[in-house]
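A.B. asks: show me how the following folds:
(one chain, ligands or ions: 1)
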Amino acid sequence: MSLSFDLNDLEVLTTNAKQIQDKLLEDILTLNANTEYLRQFLHGSSDKELFKKNVPVVRHDDVKPYIERVANGEPSDVISGKPITQFLLSSGTSGGKPKIFPINNKYFEDMTFIYAQSSSIISKHIDGVQEGKAMMFKFSRAPSTTPSGLPVSSVTGSYLTGEYFRNRPSNHFTSPDEVTLCPDNKQAMYCHLLCGLVRRDEFVSVAATFASTLIGAITVLETHWKELCSNIRSGHVSEWITDFACRDVVTNILGGPNLELADLIEEECREESWKGIITRLWPKTKFIQSVLTGQFAQYIPTLEFYSNKVPLISMVYASSETIFGVNVNPLCKPQDVSYTFMPNMSYFEFQPADEGNKGEIVDLVDVKIGCYYELLITNYFGLHRYRMGDIVQVSGFHNNAPQFRFARRKNLVLSVNVEATTEEDILKALNHATDHLKSSDLILMGFTSYADISNLPGHYVFYWELKSNKVNGVVKLDNKVMVECCRVIEESFNYIYREVRTKDKAIGALEIRVVKQGTFDSLMEFFISQGASASQYKTPMCINSSEALEVLENSVRARFFSDKLPPL
Ligand code: AMP
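C.D. replies: Below is the predicted model of the structure:
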């Protein structure tokens, strides 16, 4: 089959979604037919029907041994017909360690395509975007390497340190590349803010991949505004900015003392309320761009508060495994965002999510409006019928390409940043903590949790109802034991939680709020009054209804915080 469409044109792409998906699967199967992985199922064939019949739907654990063999130096054709040149480190994972995914340059070609699509869509809806600059909070870390010497990095990190970013056609950022590429992310964050403030006249937008990073930027602005103003006033960058390249280039941008600007910023930051601070400091802001769907939707009210209701735009749905699609209606409410899947990225299949994973798997163009599906992807780099763990709901079609609302991650329970803490993570951590409780004659009668983002950075709150293990015993709370429990929970959480908490300081200390006895009975009564079944009631492991939280908050008798950063 040959296709002669203009694959850069969104309308052409979405109109021909079926043909493009069929051709893409044919290409992948032809390319990978002789990999060790596919050969065992297809014996060299690249037939679509055989693929559907023989190739199993898999999870990460199933393909991990193959991926690891390539990472350890075996030839790429264990899984991929084309050479694997690097690995992406996924952040949005559950379980202990981050996952790695094989890729090559094609991934960045796709990413460049998606960025171009998304900026052309924004330009169609908002005037004057091309002429201005974006304060882009992006950060890179030096990549690590696999045992065979291939680089391993996050999606953003790989993109920023690679040729596609270096050779991009135009530069729309307030920060020079030396800042974006500064390996010390704390220095980079400060310099992003400093450059953004100095270049506020050229400014049109604020951007970060995920909304949690924007919240992090506001936190740094809150703690450092006096210092930023003093740098602008004197024309000297703070001494702790020691990265030479970064320091040099930011000094240049400061361009000497600027008293007037320093006064102006100081005046705004001194105001008691920081409502609208983004638009007060950067009055030319036309929009804020960041992922605000899924686990990041919790930040919408906070960003609305700081931004005085300039449009909050979520443009791209992507992962380390593949890029899915773009939002073709950027000015819709952030709560209503859908992503139109791009049929030229990967081969997408959908398993109905409402039927306990038993329903028939369907193709991209065959999904039904309103239904929930778990995403399965087949990409160019060795993943075939891979379960993403993301659940999406069909909200409509753009031409023949379906649009999806991000519904949830399959296992996510708690999150305040990019980490995903699952029920399993929580239960494991609780087991460790309750072991500690034993020394104090207390037993745990009820628990639930809550991701508190009312103060920044957000932190996890565990509500505990405790009882003495002696008949008629009194609950005596020992501060040392309780703080230790907080610490043990944090230490038991997955690697990404500990990394974001300890390295990035983007999660606050975990808190246990001990509630009065009987509170969890009142909580149950509350849920039953709301329609829950009394016979099947289970205390939710995580709560976000404000009424339910009120039941708990009214009964809090003591609070304890973790006093140490968890080791990595
Ligand atoms: P990572 O591989 O670390 O980039 O994480 C990818 C995961 O982040 C996806 O599988 C989603 O669960 C989540 N994610 C990425 N983009 C979005 C989006 N636009 N809306 C909601 N969740 C997203």
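A.B. asks: quickly note the distance from residue 183 to residue 154.
C.D. replies: Between residue 183 and residue 154 the computed distance is 13 Å (Cβ to Cβ, to the nearest Å). Placement of C-beta: from N, CA and C, glycine included.
A.B. asks: find the residues that touch each one of those two.
C.D. replies: Contact with both residue 183 and residue 154 is made by residues residue 141, according to Cβ atoms under 8 Å, 6 or more residues apart in numbering.
A.B. asks: residues in contact with residue 467?
C.D. replies: Residue 467 neighbours (Cβ under 8 Å, 6+ apart): 442-443, 445, 473, 475, 517.
A.B. asks: in the strand or helix carrying it, which residues are buried?
C.D. replies: Take DSSP states H and E as the rule and residue 467 turns out to sit in strand 459-468. Buried residues in strand 459-468, counted by 16 or more other Cβ atoms under 10 Å: 459-466.
A.B. asks: contacting residues for residue 213?
C.D. replies: Shown in contact with residue 213 (Cβ under 8 Å, 6+ apart): 137, 290.
A.B. asks: tell me the confidence at it?
C.D. replies: pLDDT, residue 213: 88.
A.B. asks: Three-state assignment for it, please.
C.D. replies: helix (DSSP: H, G, I helix; E, B strand; the rest coil).
A.B. asks: so how far is the ligand from it?
C.D. replies: Using Cβ to the nearest ligand atom, to the nearest Å, residue 213 is found at 13 Å from the ligand.
A.B. asks: returning to what we had before: so for residue 183 and residue 154, which residue has more residues nearby?
C.D. replies: residue 154 (20 against 14; other Cβ atoms under 10 Å).
A.B. asks: am I right that that one is in contact with residue 87?
C.D. replies: No: contact criterion Cβ atoms under 8 Å: residue 154 and residue 87 do not qualify, at 10.4 Å.
A.B. asks: run the chain-centre distance for the strand holding residue 467.
C.D. replies: 27 Å (Cα atoms, centre = their mean, to the nearest Å).
A.B. asks: for whatever residue of the stretch 101-250 of the chain ends up closest to the ligand, what are its contacts?
C.D. replies: Residue nearest to the ligand within the stretch 101-250 of the chain: residue 155 (5.1 Å; Cβ to the nearest ligand atom). For residue 155, the contact set (Cβ under 8 Å, 6+ apart) comprises 88, 111, 318-320.
A.B. asks: over to residue 543?
C.D. replies: Per Cβ under 8 Å, 6+ apart, neighbours of residue 543: 448-450, 549, 552.
A.B. asks: which SS class is residue 187?
C.D. replies: Under three-state DSSP, residue 187 comes out as helix.
A.B. asks: surely residue 499 and residue 565 touch.
C.D. replies: No: Residue 499 is beyond contact range of residue 565, at 10.6 Å (criterion: Cβ under 8 Å).
A.B. asks: okay, the nearest residue to residue 368 once chain neighbours are set aside and residue 337: tell me how far apart.
C.D. replies: Nearest residue to residue 368, sequence neighbours excluded (Cβ to Cβ, 6 or more residues apart in numbering): residue 394, at 6.3 Å. Noted for residue 394: a distance of 14 Å to residue 337, by Cβ to Cβ.
A.B. asks: which neighbours do these two share?
C.D. replies: residue 405.
A.B. asks: among the two, which residue is more densely surrounded?
C.D. replies: Neighbour count, other Cβ under 10 Å: between residue 394 and residue 337, residue 337 has more, with 25 against 18.
A.B. asks: give me the phi and psi for the more buried one.
C.D. replies: Phi and psi for residue 337, reported as degrees, to the nearest 10, are phi -70, psi 140.
A.B. asks: could you report the pLDDT at it?
C.D. replies: 97.
A.B. asks: shouldn't residue 122 be in contact with residue 330?
C.D. replies: Yes: counting by Cβ under 8 Å, residue 122 touches residue 330, with 5.6 Å between them.
A.B. asks: identify the contacts common to the two.
C.D. replies: Taking Cβ under 8 Å, 6+ apart as the contact rule, residue 122 and residue 330 both touch 287, 313, 315.
A.B. asks: in the stretch 1-150 of the chain, what residue spans correspond to strands?
C.D. replies: Taking DSSP state E, counting those that start in this stretch to define them, one finds strands in the stretch 1-150 of the chain at 86-89, 100-103, 133-137, 144-145.
A.B. asks: highest average neighbour count across the ones you listed?
C.D. replies: Comparing these by mean neighbour count (mean count of other Cβ atoms under 10 Å), strand 100-103 comes out on top with a mean of 25.
A.B. asks: chain center to it, what's the gap?
C.D. replies: With Cα atoms, centre = their mean, you get 18 Å for strand 100-103.
A.B. asks: quick one on the thing from earlier: can you redo the buried residues of strand 459-468 as a markdown table with distance to the ligand?
C.D. replies: As requested, the buried residues of strand 459-468 are exported to a markdown table (distance: Cβ to the nearest ligand atom, whole Å):
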| residue | distance to the ligand |
| --- | --- |
| 459 | 21 |
| 460 | 19 |
| 461 | 23 |
| 462 | 24 |
| 463 | 27 |
| 464 | 30 |
| 465 | 33 |
| 466 | 35 |
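A.B. asks: closest one of those to residue 495?
C.D. replies: residue 460 (16.0 Å; Cβ to Cβ).
A.B. asks: that closest one contacts residue 417, correct?
C.D. replies: No: assessed by Cβ under 8 Å, residue 460 is found out of contact with residue 417, at 10.9 Å.
A.B. asks: what touches both of the two?
C.D. replies: residue 507.
A.B. asks: which residue ranges form the strands in the stretch 301-450 of the chain?
C.D. replies: With DSSP E, counting those that start in this stretch as the criterion, the stretch 301-450 of the chain has strands spanning 312-313, 316-318, 323-326, 339-341, 347-352, 362-363, 372-378, 386-398, 401-409, 412-414, 421-422, 442-452.
A.B. asks: mind listing residues that contact the second one?
C.D. replies: With Cβ under 8 Å, 6+ apart as the test, strand 316-318 has contacts from 111, 114-115, 118, 155, 291, 293, 323-327, 339, 404, 406.
A.B. asks: what's the closest of these to residue 220?
C.D. replies: Lowest distance from residue 220 to these (Cβ to Cβ) belongs to residue 291, with 19.7 Å.
A.B. asks: for the closest one, list each beta-bridge partner.
C.D. replies: residue 210 (DSSP bridges).
A.B. asks: what sits against it?
C.D. replies: Residue 291 neighbours (Cβ under 8 Å, 6+ apart): 209-211, 314, 316-317.
A.B. asks: with residue 415 instead?
C.D. replies: 295, 421, 451.
A.B. asks: next, it: phi, psi?
C.D. replies: phi -160, psi 130.
A.B. asks: and it, what's its pLDDT?
C.D. replies: 92.
A.B. asks: the ligand contacts on the stretch 201-350 of the chain?
C.D. replies: 291, 293-294, 314, 317-320 (Cβ under 6 Å from any ligand atom).
A.B. asks: so of these, which two are at opposite extremes in space?
C.D. replies: Farthest pair in those (Cβ to Cβ) is 314 and 320. Separation: 18.5 Å.
A.B. asks: on that earlier part again, quick one, the strand holding residue 467 and strand 442-452 angle?
C.D. replies: Orientation of strand 459-468 against strand 442-452 (axes from the mean of the first three to the mean of the last three Cα atoms, to 10 degrees) gives an angle of 160 degrees.
A.B. asks: what are the pairing partners of strand 459-468, and which direction each?
C.D. replies: With DSSP bridges as the test, strand 459-468 pairs up with strand 442-452 (antiparallel), strand 511-515 (parallel).
A.B. asks: residue numbers of the chain in contact with the ligand?
C.D. replies: Within the chain, the positions adjacent to the ligand are 90-92, 155, 291, 293-294, 314, 317-320, 388, 390, 406, 409 by Cβ under 6 Å from any ligand atom.
A.B. asks: re earlier: so which of the shared contacts of residue 122 and residue 330 wins on neighbours?
C.D. replies: Result: residue 313 is most packed of the shared contacts of residue 122 and residue 330 (other Cβ under 10 Å), 26 neighbours.
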